[in-house]
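> coords below, sequence missing:
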């Protein structure tokens, strides 16, 4: 599976071979010792440091439940009448299917699959870049695509990639894809990265979104016991990235937990409140939710839930140990015990 896909998650391996993740993790360690693969946060990649890009069919089969939950949550960032950029990828394709319900939305994209997902959405205007078709991911790339974005400004860009690390940010293994993704970033006031846990800790050749440009990461919860993935998320949070974690279980896609930092201000990779079709995503304030999340995390309400009264200054919120608040200091960086 690793040879065919370039990367695979422990969760997916356990599902395919019908065994526990503990057993799969032990077997992966043994294969790594033999030099047959490299372990990454929550999965494994081909040996050699940089993961190669999988073909579209392999990408579509990788972590489908996680991508669906991520898309459900990310859709909550988009409101009626907005203009957004949506890049190429299987996760962004899932997001586009949910954006079809947002009235008055304008979507700029270089992805044929994103455009196809929105083709019958009468209330959504789709603007496609020019460029040369890259058949492996059904995306328009090249100088024509990049030039068509000059002078464009939208509220936020939603991008995915091949790998994500706290050190380098989002990256991809194709130079042309990286170049158009960087142009999409330049067109947006805010950048939201969509990446499932299999991409955490994976580094690829071409950087697309530096960590200090990333406002928010929407991801899924790493497998229990995967301390490396949790530490990678914490490292991203420590650099100011607001992290929304979606549950991959049925019915859990609308909840989130944010690792504790105050984040950046809008216009400089900062977070913005959302009010679209997915789960509610807000930028500040302790609130309540239903899904378990990291210790010290903020919880966001699901549609129909009431926002909890924020505690007074110096008073710890629910699940947050006493310490500096979100204003002028960092929230708790405690990791859940299962990830330590």
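Ah, there it is. For clarity, every value in this text was computed on a predicted model and none was experimentally measured.
> Distance check, the spatially closest residue to residue 87 that is not a sequence neighbour against residue 32.
Beyond its immediate neighbours in the sequence, the residue positioned closest to residue 87 (Cβ to Cβ, 6 or more residues apart in numbering) is residue 159, lying 4.2 Å away. Glycine gets a C-beta too; all of them are placed from N, C-alpha and C. From residue 159 over to residue 32 the distance is 30 Å, taken as Cβ to Cβ, to the nearest Å.
> picking that back up, which residues touch the residue nearest to residue 87?
Applying Cβ atoms under 8 Å, 6 or more residues apart in numbering, we find residue 159 in contact with 85, 87, 89, 92, 170, 181, 184-185, 191-194, 208-209.
> Okay, strands next: where are they in the stretch 101-250 of the chain?
Using DSSP state E, counting those that start in this stretch, the strands found in the stretch 101-250 of the chain span residues 105-109, 124-128, 132-134, 139-141, 156-159, 163-165, 169-172, 191-194, 206-209, 216-220, 242-246.
> Now mean pLDDT and distance to residue 70 too, for these, in a markdown table please.
Rendered in a markdown table, the data for those read as follows (pLDDT from 0 to 100; distance: least, Cβ to Cβ, whole Å):
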| stretch | mean pLDDT | distance to residue 70 |
| --- | --- | --- |
| strand 105-109 | 98 | 18 |
| strand 124-128 | 98 | 20 |
| strand 132-134 | 93 | 23 |
| strand 139-141 | 95 | 19 |
| strand 156-159 | 98 | 10 |
| strand 163-165 | 91 | 12 |
| strand 169-172 | 94 | 14 |
| strand 191-194 | 98 | 5 |
| strand 206-209 | 93 | 16 |
| strand 216-220 | 95 | 5 |
| strand 242-246 | 93 | 5 |
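> do you know which of those strands lies nearest residue 21?
Taking Cβ to Cβ as the measure, these were each checked against residue 21, and strand 216-220 came out nearest at 14.4 Å.
> Which neighbouring elements make contact with the closest one?
Taking 3 or more Cβ pairs under 8 Å, 6 or more residues apart in numbering; DSSP states H and E as the contact definition, the neighbouring helices and strands of strand 216-220 are helix 64-74, strand 191-194, helix 227-238, strand 242-246.
> run the last query once more with 7 Å
The helices and strands touching strand 216-220, judged by 3 or more Cβ pairs under 7 Å, 6 or more residues apart in numbering; DSSP states H and E, are helix 64-74, strand 191-194, strand 242-246.
> list the helices and strands the longest one packs on?
With contacts defined as 3+ Cβ pairs under 7 Å, 6+ apart, the secondary structure elements packing on helix 64-74 are helix 90-99, strand 191-194, strand 216-220, strand 242-246.
> Please give me every residue in contact with residue 20.
residue 14 (Cβ atoms under 7 Å, 6 or more residues apart in numbering).
> picking that back up, what about the helices and strands packed on strand 216-220, which gets the closest to residue 146?
Using Cβ to Cβ as the measure, strand 191-194 is the one of those that comes nearest residue 146, at 16.7 Å.
> The closest one pairs with which strands, parallel or anti?
Its sheet considered, strand 191-194 pairs with strand 156-159 (parallel), strand 216-220 (parallel) by DSSP bridges.
> Out of those strands, indicate the one that is most buried.
strand 216-220 (a mean of 28; mean count of other Cβ atoms under 10 Å).
> Might one say that residue 92 is in contact with residue 195?
No - at 10.7 Å, residue 92 does not count as touching residue 195 under the criterion of Cβ atoms under 7 Å.
> Overlap of the contact sets of these two?
Both residue 92 and residue 195 are contacted by residue 160, under the criterion Cβ under 7 Å, 6+ apart.
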